[in-house]
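> next come a sequence and a model predicted from it.
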Amino acid sequence: MARLPTYFVSHGGGPWPWMREQYGSAYDQLAASLAALRAEAEGKAHDAVRAVLVVSSHWETPQFMVSSGTAPGMIYDYGGFPPHTYQVKYPAPGEPALARRVADLLEAAGHPAALDAERGFDHGTFSMLYPVYPEARMPVVQLSIRRDLDPAAHLAAGRALAPLRDEGILIIGSGLSYHNLRQFGPNGREASRAFDGWLQHALLELDPAQREQAMLRWEAAPMARAAHPREEHLIPLMVALGAAEQEAAACVYHEDAFMGNLTVSSFRFGAAPQA
């Protein structure tokens, strides 16, 4: 089985795939990039991916937790959206055996982890995965981020989970490269562009050792705290990177006028299988 790449994706806002009438074409580029992710990850082998592990920026816990239910429910963790978006269903199955494998790998590397059989799909998972797997048949397991938001711990967790890439598990960190909801418009233009420029340089141009050090010191990046007043939407990147820390990165989605004003990006780590 070919080694799968890992991804950090900017997942957009709320239940956007179900709001075409409200948003028009605003999410077309993001949707296209997510649809392309599936083909890229699979290459010629349409059974290359047997399950997805989503590291969700919308699930924070004191220690790592792994969703282990067989039929996860829905968590509508957003507010102020049209009534129909609170009826959305994404009935992808869970995979308890994979959840146990994830927890075991983390525990073996010294990271306490536990299973949560009740955890449903939050919008960082179901909104992002709908354009990738709209049929909702691919098994999905979620991994929380630690509430301390320690970049070193999350890079290390990614290293521990790297063997999954050889087992048909697609690791996706789901967050946003810019996440300042109080400046989610014209006032966010400068900060999103400055931080994205640094992110492109750090991930694509530095060697692996330098790249890791840059991520550990991400707060020193230009306008870092203006882009991420709180970094929960950046931390999933650390896990995706840690699982492919010696491998090249590529930008697989980029807009410099997202929602009219913002610069946002998504990244792949490791080589994609040959298409």
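It's in. Everything numeric in this text was worked out from a predicted model, so none of it was measured.

> where do the helices of the stretch 51-200 of the chain begin and end?
Listed in chain order, the helices found in the stretch 51-200 of the chain under DSSP state H, counting those that start in this stretch are 96-108, 123-132, 151-161, 189-204.

> how about those in JSON lines, adding distance to Ile171?
For every residue, glycine as well, the C-beta is placed using N, CA and C. Supplementary listing: the helices of the stretch 51-200 of the chain in JSON lines, determined by distance: least, C-beta to C-beta, whole Å:
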{"stretch": "helix 96-108", "distance to Ile171": "10"}
{"stretch": "helix 123-132", "distance to Ile171": "13"}
{"stretch": "helix 151-161", "distance to Ile171": "6"}
{"stretch": "helix 189-204", "distance to Ile171": "16"}
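
> which one, of those helices, ends up nearest to Gly24?
helix 123-132 (16.1 Å; C-beta to C-beta).

> among the helices of the stretch 51-200 of the chain, which comes closest to Pro17?
Within these, the stretch nearest Pro17 is helix 123-132; the backing value is 4.7 Å (C-beta to C-beta).

> what helices and strands are in contact with the closest one?
Packing contacts for helix 123-132, counted by 3 or more C-beta pairs under 8 Å, 6 or more residues apart in numbering; DSSP states H and E, involve helix 28-42, strand 51-61, strand 140-146, strand 169-175.

> ok, back up a step: looking at the helices of the stretch 51-200 of the chain, which is buried most?
Stretch with highest mean neighbour count among these: helix 123-132 (a mean of 25; mean count of other C-beta atoms under 10 Å).

> now that helix: how far from the chain's centre is it?
Relative to its chain's centre, helix 123-132 lies at 10 Å (C-alpha atoms, centre = their mean, to the nearest Å).

> number of nearby residues for Gly80?
Gly80 sits with 6 neighbouring residues when counted by other C-beta atoms under 10 Å.

> just name the shakiest helix or strand of this protein by mean pLDDT.
Sorting the helices and strands of the chain by mean pLDDT, DSSP states H and E puts helix 20-23 at the bottom, at a mean of 91.

> list the buried ones in that one?
Taking 16 or more other C-beta atoms under 10 Å as the neighbour-count basis, helix 20-23 is seen to contain the buried residues Tyr23.

> what does it contact?
Residues outside helix 20-23 that contact it (C-beta atoms under 8 Å, 6 or more residues apart in numbering): 16, 82.

> sounds good, over and out.
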